[in-house]
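> Compute the structure for the input listed below.
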Amino acid sequence: MAKKLDKVDVVTVGVGWTGGIIAELTKEGYKVVGLERGGDRGTEDFHMVHDEYRYAVRYGLMQDTSKETITFRNKRDEHALPMRQLGSFLLGEGVGGAGDHWNGHTWRFLPYDLEIKSETDKKYGKDKLSDDYTLQDWGITYDELEPYFYKFEQITGISGEENPMGAPRKNDYPTGPMKSTPILDRFKKAAKNLNLHPIQMASANLSEAYENPDGETINACQYCGFCERFGCEYGAKSSPNITVLPTAKKNSFLMKEANWSK
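Residues are numbered from 1 along each chain as shown. Modelled structure (predicted):
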């Protein structure tokens, strides 16, 4: 028999980046509960995490598809079959979700991306695409989203530098670009000689210690190289566990472990 819980304003299914950001509604006085199939964890759980076989090969931070999986199909008329091995789509499990094992690359959409149908029609004509294309504009423009892109960058302390070929920015990145290396310096010099525009990629692995607007501290990257598929034991890779979730917990955010198979 189903167990009836007290009513709250918001319930999130999963406590990764999306659930964690929504959990910050607690700052406005809302009652929020997050349901997560995996247990709680934080930076201390990633100490000695540099076990490549466990995490890079056996996907220790990800959903075990041999026990519980999702279905996938390429076309509408295909039968959806279970995925029993993970490929590039790496499902997180536990508090923080895929935000624990992501590599930290952080890009903004370009204005074109959000108005792709209109821009395609403008360039090639309205009759260029046949009726069976499902291409659509998002219904929201880059200018409308720009303040929210920056708010996310502030919360997570994104490190980066101006990209002359990127989307327009009203503010600099919260922290400066990551360190360069001799081989990167040679690459940049060669690229500039070809009139290209090399940049240090925007990164959630921070170039310096940073305190975000909520008072949460993100530490400086140690350049160990264990980012994607690994958790960061230094607390230097922005994840829900060290940014939005600690803030939400200070405001009575509750997490409950859920077993979907029951």
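> residues of stretch 168-188 that come out buried?
Y173, P174, T175, P177, M178, K188 (16 or more other Cβ atoms under 10 Å). Every residue, glycine included, has its C-beta placed from N, CA and C.
> nope, stretch 190-204 is what I meant
P198, Q200, M201, A202, S203, A204.
> From the residues you listed, pick the one nearest E144.
Closest approach to E144 among the buried residues of stretch 190-204 (Cβ to Cβ): A202, at 20.6 Å.
> got any ranges where the stretch 151-262 of the chain has weak pLDDT?
Low-confidence segments of the stretch 151-262 of the chain (pLDDT under 70): 258-262.
> For T71, give me phi and psi.
Taking degrees, to the nearest 10, you get phi -100, psi 160 for the backbone angles of T71.
> next one: P240
Phi and psi for P240, reported as degrees, to the nearest 10, are phi -60, psi -30.
> and D185, that's in a helix?
Yes: counting by DSSP: H, G, I helix; E, B strand; the rest coil, D185 is part of a helix.
> Use 322 as the first number for this chain going forward.
Understood, numbering begins at 322; the last thing we discussed is D506.
> quick one: it from D372, how far?
32 Å (Cβ to Cβ, to the nearest Å).
> for the stretch 322-471 of the chain, what spans make up the strands?
331-334, 353-357, 392-393, 402-403 (DSSP state E, counting those that start in this stretch).
> would you turn those into a markdown table with mean pLDDT, mean neighbour count and distance to K577?
Formatted as a markdown table, the strands of the stretch 322-471 of the chain follow (pLDDT from 0 to 100; neighbours: other Cβ atoms under 10 Å; distance: least, Cβ to Cβ, whole Å):
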| stretch | mean pLDDT | mean neighbour count | distance to K577 |
| --- | --- | --- | --- |
| strand 331-334 | 94 | 16 | 9 |
| strand 353-357 | 93 | 20 | 6 |
| strand 392-393 | 86 | 10 | 26 |
| strand 402-403 | 88 | 10 | 27 |
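> So which of these is nearest I437?
Of all these, strand 392-393 sits nearest to I437, with 24.7 Å by Cβ to Cβ.
> counting contacts, what elements does that closest one pack onto?
If contacts are counted by 3 or more Cβ pairs under 8 Å, 6 or more residues apart in numbering; DSSP states H and E, strand 392-393 sits against strand 402-403.
> The strand it packs on: partners in the sheet, and parallel or antiparallel?
strand 392-393 (antiparallel) (DSSP bridges).
> How far away from the center of its chain is the strand it pairs with?
Remark: strand 392-393 is offset 22 Å from the chain centroid, using Cα atoms, centre = their mean, to the nearest Å.
> what residues does that strand touch?
A401, L402, P403, M404 (Cβ atoms under 8 Å, 6 or more residues apart in numbering).
> Run through the bridge partners of the third one.
Read that as P403. Counting by DSSP bridges, the residues bridging with P403 are T392.
> now it: how far from T364?
Distance, P403 to T364, using Cβ to Cβ: 34 Å.
> Could you list which residues are in contact with P432?
P432 touches T462, Y463, D464, A488, P489, counting by Cβ under 8 Å, 6+ apart.
> Can you add distance to L515 and give the strands of the stretch 322-471 of the chain back as JSON lines?
Below are the strands of the stretch 322-471 of the chain laid out as JSON lines (distance: least, Cβ to Cβ, whole Å):
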{"stretch": "strand 331-334", "distance to L515": "47"}
{"stretch": "strand 353-357", "distance to L515": "48"}
{"stretch": "strand 392-393", "distance to L515": "40"}
{"stretch": "strand 402-403", "distance to L515": "45"}
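> To H422, which of the ones you listed lies closest?
strand 353-357 (15.2 Å).
> Measure how far stretch 496-504 is from the centre of its chain, please.
With Cα atoms, centre = their mean as the basis, stretch 496-504 stands 22 Å off its chain's centre.
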